[in-house]
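**Student:** below: sequence and its predicted model.
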Amino acid sequence: MSQKHFTLYSHAGGPNGWKVTYLLNELGLEYETKYLNSQKGEHKAPEFLKINPNGRLPALVDHKNGDFAVWESAAILIYLTDKYDTEKKFTFTEGNEKYELLQWLFFQMSGQGPYFGQGFWFTFFHPEKVPSAVERYQNEAKRVLGVLESVLSKKEWLVGGKVTIADIAFVPWNNSLKGLLGADFDFEKEFPATAKWHDKIINLPGVKAGIEEKARLAQQ
């Protein structure tokens, strides 16, 4: 069997690799995903550290570019759109929109991802119960949603009037809001514009296919 264009190293349950899956699907690029088992330490194995010295997921290897490896999910999204989104469907490469896209992408990486991630850690995985930490990160998650709401209540997309990687990057963590904020959390009621925006993104064909694949893996 011929080698696919890309190998994506990801985690079946973790959020960040799915951003890349969504974009690869939307761009119609051929790839193979290798899901590493973090409980077995596969992401810290010497062969993977050659690809990503940080030992974290995801990482992407481009076999048509000399097996060039990219890690950090936002960097991967930028790489893919720079090189393979020839119609600039999901990106902007010039003008103010280029920097608006980057600021939202960095906000997702520095704001949403860490706060949501710490919220899950202290809620489900930390060996000791620390209610103040849980409350802090749940409040920060709502603050991030509030920032999005303040913008999306005035426009349809984050940048330039179209869906971009800045929008797509927020999807995996927002898919987990019920787990983070509790079953009683009402996304549509508390953040209606953000919930509407999220619903539009998850119904894009490539994003929807990725969400279905994640659900299938969870059943195995």
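**Tutor:** Happy to help now that I have it.

**Student:** which helix or which strand is home to W197?
**Tutor:** Under the criterion of DSSP states H and E, W197 resides in helix 192-202.

**Student:** contacts for that helix?
**Tutor:** Helix 192-202 has contacts (Cβ atoms under 8 Å, 6 or more residues apart in numbering) with 145, 148-149, 152-153, 156-157, 163, 167-168, 170-171, 174-175, 187-188, 207-208, 211. In short, each C-beta sits where N, CA and C put it, glycine included.

**Student:** the residues you listed in strands, which ones?
**Tutor:** Among those, none falls in strands (DSSP state E).

**Student:** just the buried residues of those residues.
**Tutor:** Neighbour-count burial (16 or more other Cβ atoms under 10 Å) applied to those gives 145, 148-149, 152, 157, 163, 167-168, 170-171, 174-175, 187, 207, 211.

**Student:** for the residues you listed, which one is nearest L101?
**Tutor:** D167 (9.5 Å; Cβ to Cβ).

**Student:** just how off-centre is stretch 192-202 within its chain?
**Tutor:** Distance, stretch centre to chain centre, for stretch 192-202: 15 Å (Cα atoms, centre = their mean, to the nearest Å).

**Student:** check which helices and strands the single longest helix found in the chain sits against.
**Tutor:** Counting residues, the longest helix in the chain under DSSP state H turns out to be helix 131-152. Using 3 or more Cβ pairs under 8 Å, 6 or more residues apart in numbering; DSSP states H and E as the contact test, the elements touching helix 131-152 are helix 113-120, helix 177-181, helix 192-202.

**Student:** now do the buried residues in it.
**Tutor:** For helix 131-152, by 16+ other Cβ under 10 Å, it's 133-134, 137-138, 140-142, 144-145, 148-149, 152.

**Student:** give me the pLDDT for R143.
**Tutor:** Looking at R143, its pLDDT stands at 98.

**Student:** from T33, how far off is W104?
**Tutor:** Per Cβ to Cβ, to the nearest Å, W104 is found 26 Å from T33.

**Student:** let me redo that: A183
**Tutor:** A183 is 30 Å from T33, by Cβ to Cβ.

**Student:** before we move on, back to that, which of W104 and T33 has more neighbours?
**Tutor:** Neighbour tally, W104 and T33, criterion other Cβ atoms under 10 Å: the higher count belongs to W104, 23 against 18.

**Student:** hang on, L8 in a strand?
**Tutor:** Yes: with DSSP: H, G, I helix; E, B strand; the rest coil as the criterion, L8 is part of a strand.

**Student:** leaving out sequence neighbours, find the closest residue to it.
**Tutor:** Leaving aside its sequence neighbours, L8 sits nearest to T33 (Cβ to Cβ, 6 or more residues apart in numbering; 4.6 Å).

**Student:** ok, that neighbour touching W18?
**Tutor:** No: the pair T33 / W18 is not scored as a contact, 10.0 Å apart, by Cβ atoms under 8 Å.

**Student:** apart from its chain neighbours, what residue comes closest to T7?
**Tutor:** In this structure, T7 finds its nearest non-sequential neighbour in V61, 4.5 Å apart by Cβ to Cβ, 6+ apart.

**Student:** list residues touching both of T33 and W18?
**Tutor:** With contacts taken as Cβ under 8 Å, 6+ apart, the residues that reach both T33 and W18 are S10.

**Student:** returning to what we had before: now render the helices and strands packed on helix 131-152 as JSON lines, adding mean pLDDT and mean neighbour count.
**Tutor:** Below are these laid out as JSON lines (pLDDT from 0 to 100; neighbours: other Cβ atoms under 10 Å):
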{"stretch": "helix 113-120", "mean pLDDT": "95", "mean neighbour count": "20"}
{"stretch": "helix 177-181", "mean pLDDT": "96", "mean neighbour count": "17"}
{"stretch": "helix 192-202", "mean pLDDT": "98", "mean neighbour count": "18"}
